[in-house]
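Peer 1: Show me how the following folds:
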Amino acid sequence: MRRRFLIGALVLVVCGAGWGLAAPVGNISSPRQTDIAARSPAFQAGVATHETRIESQTAPEFPSATEMSAQGEIEIPAPTRASFMATWDTASDAIGYLLDVSTNNSFSSYVKGYHDLDVGNVAGRVVTGLNPGTTYYYRVRAYNASGPGRYSDAMSVTTASTAGLIIHATFDSSITNNPNAAAIEAMINRSISIYESLFSDPITIEIRYRYSTTAPDGTPLPQGTLSQSDSVIYDIPWGVYFNALRADATTDNDILANSSLPGNALSANIKPKGPNGRAVGLDTPPTMFANGTVGNGGPYDGIVTLNSSFPLQFTRPIGANNFDAQNATEHEIDEVIAFASHADVSNLRVQDLFSWSSAGVRNITATGTRYFSINRGVTNIVNFNQNRSLDLGDWVSTACPQAHPYVQNAAGCRGQSSDVTATSPEGINLDVVGYDLVNAARAAVADFNNDGHPDYVLRNPGTRQTAIWYLNNNIYQSGALGPSIRAGWSLDGTADFNRDVHPDYALFNSATDRTAIWYMSGPTRIASAYGPTLPGGWDLVATADFNGNGYPDYVLYNASSRQTAIWYLNNNVYVGGGYGPTLPVNWSLMGVADFNRDGHRDYLLFNSSNHQTAIWYLSGRTLVRGAYGPTIPSGWALVATADFNSDGHPDYLLYNPASRQTAIAYLNNNVYVSAAFGPTLPAAWSLVGQ
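Peer 2: Just a heads-up that it's a prediction; the model follows:
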């Protein structure tokens, strides 16, 4: 079924109030790197080739002689910062279509390469190489043996306006000449949109995409290879890259990871991928040509090849006998932009900085246990593959079906899907090797001392200690240490689950999908119990009473589908549930509260790329309508909602991770009223994180 991403529920209520908060404003955008490949790179460039195999523990797999047949309706991706998908109704007698793209509806000029472009007999084409925040117009005309027909009506699309990462796709003729071209291109753009929504780095990454049985140089793909990537890799002196990586720390993951970096060089050089070097400010331009060789003037950072002789499906859900093309594409994008492991002591890759065998003990060899950790090996996020016949920079693979089919698993399985998310091992890995995750972290606030005012829950990502800061409106009164969160668990909500008038901690373990409740009396943990285990792919993001029975419920979120769900609980016991509304692309659910005071909990949404907020008014699990709230100042993030001034209206809690300052924006429903600074957090403590 064809689906479109819409924000139709958002009513255009713009609140252009002055905030009265002094906040530093920086230039977070940069020009696109259209000519960067013309320069001689400052470091020696080479080629790295990666292959993703099918899981060998299933029945033997051999490529078939034919590709999958055309896959019907395509799933329309949302526009990215540099592309959109043009679609049109087909004509019964057409043998092809000519596509025009312009920045004006009179078509007095055309985007380069998009004037009477013959796209073949397809119903859509991804238009690439565009500028962010720009409105484009497109039209097509069908042609047959008699020649071209009339132009279609002009259609308009606006590319994403937010600053941040851009992945510029170039489609090889093996895709554009394929009957499945529109579905393949749409799938690739959906993959790209994930990375652009996750990372704020102001760089452009150039990737060429292929759908073939051969590598870029024409040699056959090795037997059992589902996908392959060829990428530019640089030799950089240890100190140069190491210092750039340390200086690039912008997130809580980075701060924690920096504390676990080695004190001495582990090899003379370190070898990042080209985009990874640029993400930390180094001169590592694209240098790859279409045949997979590198040299001055090469326009690509890498080439991704999907093996067309395997049953790759371009839409979801994935059939039991097919492989997920989007999963494979994201795996190879990871390889082009960052992933690799050398697993010995000569010229390590960046991933090897976070390779451990036990707490405090590094392992950068291909023997023994090796796992990914960002806190000196204390927390095992995921095990590295140690089978040299597969890639040592990938995660270990188990027999199909895999309990955790992560994107970066060393081998793929039929019928399984996964995506890179901010909390997946891949997202955390990309964050700590130099990319900057968009801040969508949530704070925990609740009234722990029963004085009628919400309090802060602080977290120390190094020690995993929590603390309660008691507030009177925006004024700090006193504080107390709370319990430490166990490794592997995150604090994802606070609410009174056992109805003893004391807020409790709601915890989630993303590795096991288990939830737990820590029953509190003020800052003291007095008991605990497991809650329900979540389905794979879902995260716990909020807690609130949606069905009015007096017990808090779970709000779940699936980053792949952007779907939400409400699970009704009786204390820690699941009693029922159902789907809530699906979030628009680039928006995160930051909290729940009754903004219009109708007795129903509402969703508070935040777009961390443009700092816009919105409120979705719900009746139970049903979206009734939406309205924009105020835009958050640059440098600040919306991290929670609660009624701080006791006027009956929920307010916004803001956090500036650079200055560690907090602030409260007072609201009347969705309308900004005023703002005031809250207390500044001490070093090593955060409102968000583990």
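Peer 1: so when I look at residue 491, I'm seeing a helix, right?
Peer 2: No - read with DSSP: H, G, I helix; E, B strand; the rest coil, residue 491 is strand and lies in no helix.
Peer 1: tell me, how many neighbours does it end up with?
Peer 2: When neighbours are defined as other CB atoms under 10 Å, residue 491 has 23 of them. To be clear about C-beta, it is placed using only N, CA and C from the backbone, and glycine gets the same treatment.
Peer 1: Equivalent analysis for residue 93, please.
Peer 2: Neighbours around residue 93, by other CB under 10 Å: 11.
Peer 1: Could you list the paired strands of the helix or strand containing residue 138 along with their orientation?
Peer 2: Secondary-structure assignment from DSSP states H and E places residue 138 in strand 135-144. For strand 135-144, the paired strands and their directions (DSSP bridges) read strand 96-102 (antiparallel), strand 147-148 (antiparallel), strand 155-158 (antiparallel).
Peer 1: Next, the buried residues of that strand.
Peer 2: Within strand 135-144, the residues that count as buried by 16 or more other CB atoms under 10 Å are 136, 137, 138, 139, 140, 141, 142, 143.
Peer 1: any idea which of these is closest to residue 270?
Peer 2: Compare each of those with residue 270 using CB to CB and the shortest gap goes to residue 136, at 40.6 Å.
Peer 1: re earlier: tell me which of the strands paired with strand 135-144 lies nearest to residue 595.
Peer 2: Of all the strands paired with strand 135-144, the one in closest proximity to residue 595, counting by CB to CB, is strand 155-158 (28.4 Å).
Peer 1: Just after the closest one, pick out the following helix or strand.
Peer 2: Scanning the chain past strand 155-158 towards its C-terminal end, the next helix or strand to appear is strand 166-171 (assignment: DSSP H and E).
Peer 1: Remind me what that following strand packs against, helices and strands.
Peer 2: Contact analysis of strand 166-171 by 3 or more CB pairs under 8 Å, 6 or more residues apart in numbering; DSSP states H and E lists helix 181-198, strand 204-212 as its packing neighbours.
Peer 1: Among those, show the one with the smallest mean pLDDT.
Peer 2: Of all the helices and strands packed on strand 166-171, mean pLDDT reaches its minimum on helix 181-198 (a mean of 90).
Peer 1: and that one with strand 166-171, angle?
Peer 2: 170 degrees (axes from the mean of the first three to the mean of the last three CA atoms, to 10 degrees).
Peer 1: Select the longest strand from the protein.
Peer 2: Looking across the chain with DSSP state E, the single longest strand is strand 225-237.
Peer 1: one step back: compile the helices and strands packed on strand 166-171 into TSV and extend it with columns for mean neighbour count and distance to residue 153.
Peer 2: Shown next, in TSV, are these (neighbours: other CB atoms under 10 Å; distance: least, CB to CB, whole Å):
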stretch	mean neighbour count	distance to residue 153
helix 181-198	26	19
strand 204-212	24	30
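Peer 1: Out of these, flag the one nearest residue 49.
Peer 2: Per CB to CB, nearest to residue 49 of the helices and strands packed on strand 166-171: strand 204-212, 13.5 Å.
Peer 1: what's the closest one in contact with?
Peer 2: 32-34, 37, 82, 165-172, 174-175, 178, 180, 184, 188, 216, 221, 275, 286, 288, 290, 299-308, 329, 333, 336-337 (CB atoms under 8 Å, 6 or more residues apart in numbering).
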